[in-house]
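[1] After the sequence you'll find the predicted model.
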Amino acid sequence: MTIYNFSAGPAVLPKAVLEIAQSEMLDYKNSGMSVMELSHRSSLFEEIIQAAEGLLRELMAIPDNYKVLFLQGGASLQFTMVPLNLAQGKKALYVNTGSWSKKAISAAKALENVEVEVIASSEDKNHTYIPEMPEMVDQDAAYVHITTNNTIEGTAFAKIPSFGKVPVVADMSSNILANDYKVEDFGVIYAGAQKNIGPAGLTVVIIREDLLNQEAAFAPMLDYALQAKNNSLYNTPPTYSIYIAKLVFEWVKAQGGVAGITEKDQKKAQLLYDAIENSSLFTSPVEKASRSITNIPFVTGDEALDKAFNQGALAEGFENLKGHRSVGGMRASLYNAFPLEGVEALVAFMAKFEKENGGN
């Protein structure tokens, strides 16, 4: 039975990448060592991390005045690192579009020397849409923080808003390398790797040089400027995760780059959205203009039917389709490495389930 992994993260990786990793597991480039055994100060690993950065810069067209950092702690640590480095003694502005935005807001509020203001929110409708942005924001604010794609709620920013001279900081964990955003529209981009880049343990940070903190952070490991000065090698980085990320970047490039992979992602998402729209049983809780192409929630409107669907899907080899515990229903996460055949199989199963359960 073919297994299709719809997990929101850690998520599916390209089979071709896993095969290369398998072939190099015991002996990387005739070194007699696995990548996991290489010193992070060795020439072999320096080649890996430099290649990873170069490929990411190429794929995302990252301007020269941005630093690329390979850090640890997941995107959740960035909830604290961003205000700690950028907003000491300043106001930080946030857009609340769901669970991860709320956690970022809470982390910023926990810092004594940061003033937090929520400038827009979709909480009034259970985060089923992307809210309108205010025409003007405080131009002395340190930044505006957004979550470009909301993994749990299934919403995404179709266009990145501008806030005058105030830089945009984005949690892009779940749709990095799967959109047509321009890096220069952001001051900071950060992303946990375990969705579109690689295994858990690595966090990518892309930061404009003028936003690097001028004063040392009280905790060296949380200091962007120090990490940038040391080229992400202040301490031992997540070496194997960076290696897998490099392989994924090579794979994305081979798919036609970000533009090519995004086109494929849009095709996968449209296939599923069309099935939902044409169904008399399944519906999408998300407003059309705000729908993500990456994480697609859907429901029957009946908790018992949702449960039956999830059980039946699991028996058919559809792993991790159950919706997040906070929203229920179902959720298909269609990251870059998820195959079109998996969406086609899911759509066929949905039609079969609907026919068997009173649908038209």
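    Arrived safely. Note that this is a predicted model, so its numbers are computed, not measured. Residues are numbered from 1 along each chain as shown.
[2] contacting residues for residue 258?
    Residues counted as contacts of residue 258 (C-beta atoms under 8 Å, 6 or more residues apart in numbering) are 59-60, 177-180, 252. For glycine as for every other residue, the C-beta is placed from the backbone atoms N, C-alpha and C.
[3] which SS class is it?
    Under DSSP: H, G, I helix; E, B strand; the rest coil, residue 258 falls in the helix class.
[4] got the CA positions of stretch 105-124 in CSV?
    C-alpha atoms of stretch 105-124 as CSV (Å, rounded to 0.1, in the frame of the first residue of the first chain):
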residue,chain,number,x,y,z
ILE,A,105,2.7,37.9,20.4
SER,A,106,2.9,36.2,23.8
ALA,A,107,6.6,35.8,23.5
ALA,A,108,7.1,39.4,22.7
LYS,A,109,4.9,40.5,25.6
ALA,A,110,7.1,38.5,27.9
LEU,A,111,10.0,40.8,27.3
GLU,A,112,9.9,43.7,29.7
ASN,A,113,11.4,46.3,27.4
VAL,A,114,9.2,45.8,24.4
GLU,A,115,5.8,47.4,23.8
VAL,A,116,3.5,45.2,21.8
GLU,A,117,0.5,46.4,19.7
VAL,A,118,-1.8,44.1,17.6
ILE,A,119,-2.7,46.2,14.6
ALA,A,120,-5.0,43.7,12.9
SER,A,121,-6.7,40.4,13.8
SER,A,122,-9.0,37.8,12.3
GLU,A,123,-9.9,36.4,15.7
ASP,A,124,-13.5,37.6,15.3
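[5] Now do the strands in the stretch 251-360 of the chain.
    295-298, 318-319, 330-333 (DSSP state E, counting those that start in this stretch).
[6] same check, this time on the stretch 101-250 of the chain
    Using DSSP E, counting those that start in this stretch, the strands of the stretch 101-250 of the chain run over 114-121, 143-147, 149-150, 155-156, 168-171, 188-192, 203-208.
[7] mean confidence score for the last one?
    So that's strand 203-208. Averaging pLDDT along strand 203-208 yields 98.
[8] Let's see that strand as PDB, backbone CA atoms only.
    Provided in PDB are the C-alpha atoms of strand 203-208 (Å, rounded to 0.1, in the frame of the first residue of the first chain):
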ATOM      1  CA  THR A 203      15.800  27.300  11.400                       C
ATOM      2  CA  VAL A 204      16.700  29.600   8.600                       C
ATOM      3  CA  VAL A 205      16.800  33.300   9.200                       C
ATOM      4  CA  ILE A 206      17.200  35.900   6.400                       C
ATOM      5  CA  ILE A 207      17.900  39.400   7.900                       C
ATOM      6  CA  ARG A 208      18.600  42.700   6.300                       C
END
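[9] With residue 250 as the reference, measure out to the nearest residue to residue 38 once chain neighbours are set aside.
    Once flanking residues are discounted, residue 38 sits nearest to residue 45: 4.7 Å by C-beta to C-beta, 6 or more residues apart in numbering. Residue 45 is 17 Å from residue 250, where distance means C-beta to C-beta, to the nearest Å.
[10] Model confidence score at residue 328, please.
    Predicted confidence (pLDDT) for residue 328: 85.
[11] number of nearby residues for it?
    Residue 328 has 16 neighbours, counted by other C-beta atoms under 10 Å.
[12] gap between it and residue 100?
    18 Å.
[13] Show me what the helix or strand containing the residue nearest to residue 38 is packed up against.
    Element membership of residue 45, judged by DSSP states H and E, is helix 43-60. In terms of contacts (3 or more C-beta pairs under 8 Å, 6 or more residues apart in numbering; DSSP states H and E), helix 43-60 is packed against strand 66-71, helix 239-254, helix 257-277.
[14] List the buried residues of that helix.
    Residues of helix 43-60 classed as buried by neighbour count (16 or more other C-beta atoms under 10 Å): 45, 48-49, 51-53, 55-57, 59-60.
[15] out of those, which one sits closest to residue 341?
    Nearest to residue 341 among the buried residues of helix 43-60: residue 59, at 24.7 Å, using C-beta to C-beta.
[16] ok, and the closest non-adjacent residue to residue 275?
    Nearest residue to residue 275, sequence neighbours excluded (C-beta to C-beta, 6+ apart): residue 347, at 4.4 Å.
[17] if we can go back for a sec, nearest to residue 24, of the buried residues of helix 43-60?
    Comparing the buried residues of helix 43-60 against residue 24 with C-beta to C-beta places residue 48 closest, at 10.9 Å.
[18] rewinding a little: just name the most buried of the strands of the stretch 251-360 of the chain.
    Among the strands of the stretch 251-360 of the chain, strand 295-298 has the highest mean neighbour count (mean count of other C-beta atoms under 10 Å), at a mean of 26.
[19] how about residue 87, phi and psi?
    Main-chain torsions, residue 87, degrees, to the nearest 10: phi -130, psi 20.
[20] Break this structure into its domains for me.
    Domain assignment for the chain, taken from automatic domain parsing, gives 4-8+256-356, 17-254.
[21] ok, which stretches of the stretch 101-250 of the chain are helices?
    224-229, 239-254 (DSSP state H, counting those that start in this stretch).
[22] of all these, which lies closest to residue 296?
    Closest of the helices of the stretch 101-250 of the chain to residue 296 is helix 239-254, at 21.0 Å (criterion: C-beta to C-beta).
[23] Enumerate the positions of that closest one that are buried.
    Neighbour-count burial for helix 239-254 flags 239-252 (criterion: 16+ other C-beta under 10 Å).
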